[in-house]
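> only the shape, not the letters, is given here:
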């Protein structure tokens, strides 16, 4: 999820929101390249085990990832070298890998891999036996389930998504109406001039100016309306 990477010095929307909306602090559980299972798991993990997060003084904002991405939880002796090898051009200080505790972390099962390690093979096998439409369907269930969980816990939450999922939803004969409380990022992700030649993100992701503009023009007005 490099749309909101977890290093506090990277100019992404969670930190612009903190500064512009006067939040005292943020807990950013993002992880580059992670999918919706990671988002689902990490937010529940924080709500259940982070004593500083309470319904009375916490606003939860979820930016969902690509509906076709897959993750699971594994031990850190497997996850840490895997993610470092998958993003060798990024220094460790620029990427924060979310840890559930001292033992477990997210293992991303990328849609495309190019190496010959056992985890590369695991990704290929997983994608061979778990179809794209099944992964999309599971993502929808995760979105619906997290909303119900947070409502039940008494948290104020807002959901957004990093792209227009209409094409993915069409694969399983669903529409955006299946997803509750989704704020589109079309105005953000499709502003090509704000995405080109990005020195930090690359891969067509928004620049710091794109993050700032979307936070000011779309996210904050949505939150205060």
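On my side now, so go ahead. Nothing here was measured: the structure is a model prediction, and the numbers come from that model.

> the nearest residue in space to residue 40 that is not next to it in sequence: how many residues sit nearby?
The spatially closest residue to residue 40, leaving aside those adjacent along the chain, is residue 142, at 4.3 Å (Cβ to Cβ, 6 or more residues apart in numbering). Placement of C-beta: from N, CA and C, glycine included. The number of residues packed around residue 142, counting by other Cβ atoms under 10 Å, is 19.

> surely residue 142 is within a helix?
Yes. Inclusion of residue 142 in a helix is indicated when DSSP: H, G, I helix; E, B strand; the rest coil is applied.

> wait, doesn't it sit right on residue 37?
Yes. Counting by Cβ atoms under 8 Å, residue 142 touches residue 37, with 6.4 Å between them.

> show me the strands in this protein, by range?
59-64, 70-75, 104-109, 156-161, 182-183 (DSSP state E).

> mean pLDDT added to those, as JSON lines?
As requested, the strands of the chain are arranged in JSON lines below (pLDDT from 0 to 100):
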{"stretch": "strand 59-64", "mean pLDDT": "92"}
{"stretch": "strand 70-75", "mean pLDDT": "97"}
{"stretch": "strand 104-109", "mean pLDDT": "96"}
{"stretch": "strand 156-161", "mean pLDDT": "90"}
{"stretch": "strand 182-183", "mean pLDDT": "72"}
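
> so which of those is the most surrounded?
strand 104-109 (a mean of 22; mean count of other Cβ atoms under 10 Å).

> give me the angle between that one and strand 70-75.
Interaxial angle, strand 104-109 versus strand 70-75 (axes from the mean of the first three to the mean of the last three Cα atoms, to 10 degrees): 140 degrees.

> return the list of helices and strands in contact with strand 104-109.
Counting contacts by 3 or more Cβ pairs under 8 Å, 6 or more residues apart in numbering; DSSP states H and E, strand 104-109 is packed against helix 36-49, strand 70-75, helix 76-86, helix 118-129.

> do that again at 7 Å, thanks
Strand 104-109 is packed against strand 70-75, helix 76-86, helix 118-129, with contacts defined by 3 or more Cβ pairs under 7 Å, 6 or more residues apart in numbering; DSSP states H and E.

> low-confidence stretches in this protein?
Across the chain, residues meeting the criterion (pLDDT under 70) sit at 1-10, 87-96, 180-181, 183-205.

> got a list of what the residue nearest to residue 40 touches?
Residue 142 makes contact with 36-37, 40, according to Cβ atoms under 7 Å, 6 or more residues apart in numbering.

> show me what contacts residue 72?
By Cβ under 7 Å, 6+ apart, the residues touching residue 72 are 37, 107, 109.

> would a markdown table of those residues with distance to residue 222 be doable?
Shown next, in a markdown table, are the contacts of residue 72 (distance: Cβ to Cβ, whole Å):
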| residue | distance to residue 222 |
| --- | --- |
| 37 | 26 |
| 107 | 33 |
| 109 | 32 |
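
> please consider this matter closed, and thank you.
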